[in-house]
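# Model the following, please.
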Amino acid sequence: NIPINYLSYSHIQTFDVCPLHYKLKFILKIPTLPSAAQSLGISTHLVLKDFYQSFIDGKKLSLKDISKLFTKNWINEGYSSKIHERKTLITAKENVYKYLKENFNEEKLPLSLETPFQFKINDLSIAGRIDRIDKLENGKIEIIDYKTGKNMLTEKKLTDNMQLSLYALAAREIMEKPFNIDPENLVLSLHYIETNTKISTKRTNEQLEETKKLLKEKVKEISESNFTCSKSILCKNCEYKMLCSTYS
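You can find the predicted model right below:
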């Protein structure tokens with residue numbers, strides 16, 4: 001058995017797609033270049049962070065500055081060609097412009113941006129990073145995760161979403177601000193940038209206790225795994241394809 005004493009949402013997600021991928025990435029730590037989707041996601045997150053942070057710091061930007069922010073933060077790795085990259089960049093600028101035009105409010109700036117967190121469940125450390133935390137009325141808080149992909153979660157999957165459950169656990173378990181929030185005062189949202197659609201959910205204390213149990217089960221499953229390839233359809237585009245015979 002391999003001792004597992006650290007998990008993040010990306011660890012869980014990677015293992016669930018393919019145990020071999022998990023082993024290569026998180027145990028053997030074999031580096032790879034990001035995919036186009038990852039590069040776009042990171043670039044967009046950095047642009048949004050810089051835009052909001054400038055207002056928090058008292059330096060006002062305009063929507064015209066979005067292009068400059070993309071120039072500063074653009075990651076050009078993973079694209080199939082220069083044309084693919086250029087088209088993606090144009091679309092990304094349009095999406096962020098539209099998103100900010102419709103959502104940005106100088107009077108309601110975020111409480112915090114790109115907030116790292118870490119807490120323990122017994123000997124297991126759970127860590128991650130929250131894109132944005134907003135203050136709502138009546139002492140409530142909203143945790144927002146930006147999504148640059150197109151696949152929107154259904155209502156059922158939103159209720160069971162592990163990533164949002166981990167955010168809610170962090171908000172409850174960590175005593176320092178901006179955390180230390182009871183679940184009933186917490187709204188959990190995914191904001192899809194491309195379609196400018198926000199979907200929200202909540203968690204109860206009972207659900208969070210259930211999440212803790214699921215995490216313990218996941219640790220057991222990973223530690224006892226033989227890390228064979230899942231032969232998932234997603235393995236077709238795996239960055240570790242040369243180390244695996246499934247789709248080579």
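
# Nearest the middle, which residue of this protein would you pick?
Asp145 (6.2 Å; Cα atoms, centre = their mean).

# hang on, Glu114 is in a strand, isn't it?
Yes: under DSSP: H, G, I helix; E, B strand; the rest coil, Glu114 falls within a strand.

# Count the residues that sit near it.
Using other Cβ atoms under 10 Å, the number of residues around Glu114 comes to 15. In short, each C-beta sits where N, CA and C put it, glycine included.

# count of residues packed around the closest residue to it other than its chain neighbours?
In space, Glu114 comes closest to Lys49 once its chain neighbours are excluded; the distance is 5.3 Å by Cβ to Cβ, 6 or more residues apart in numbering. Using other Cβ under 10 Å, Lys49 has 18 neighbouring residues.

# what pLDDT does Lys49 get?
With respect to pLDDT, Lys49 scores 97.

# If you rank every helix and strand of this structure by mean pLDDT, what lands last?
When each helix and strand of the chain is scored by mean pLDDT, DSSP states H and E, helix 155-160 comes last, with a mean of 88.

# Export only the CA atoms of that one, formatted as PDB.
Extracted in PDB, the C-alpha atoms of helix 155-160 (Å, rounded to 0.1, in the frame of the first residue of the first chain):
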ATOM      1  CA  GLU A 155     -28.500  20.000 -11.000                       C
ATOM      2  CA  LYS A 156     -27.900  16.500  -9.600                       C
ATOM      3  CA  LYS A 157     -24.100  16.600 -10.300                       C
ATOM      4  CA  LEU A 158     -23.900  20.100  -8.800                       C
ATOM      5  CA  THR A 159     -25.400  18.800  -5.600                       C
ATOM      6  CA  ASP A 160     -22.800  15.900  -5.500                       C
END
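
# Mind checking what secondary structure the residue lying closest to Cys229 once chain neighbours are set aside has?
Spatial nearest neighbour of Cys229, chain neighbours left out: Leu20 (4.3 Å); criterion: Cβ to Cβ, 6+ apart. The local conformation at Leu20, judged by three-state DSSP, is helix.

# who's in contact with Leu20?
The contact partners of Leu20, taken as Cβ atoms under 8 Å, 6 or more residues apart in numbering, are Phe227, Thr228, Cys229, Ser230, Tyr240, Cys244.

# now it: how far from Lys220?
Noted for Leu20: a distance of 19 Å to Lys220, by Cβ to Cβ, to the nearest Å.

# How about Ile30?
Distance, Ile30 to Lys220, by Cβ to Cβ: 25 Å.
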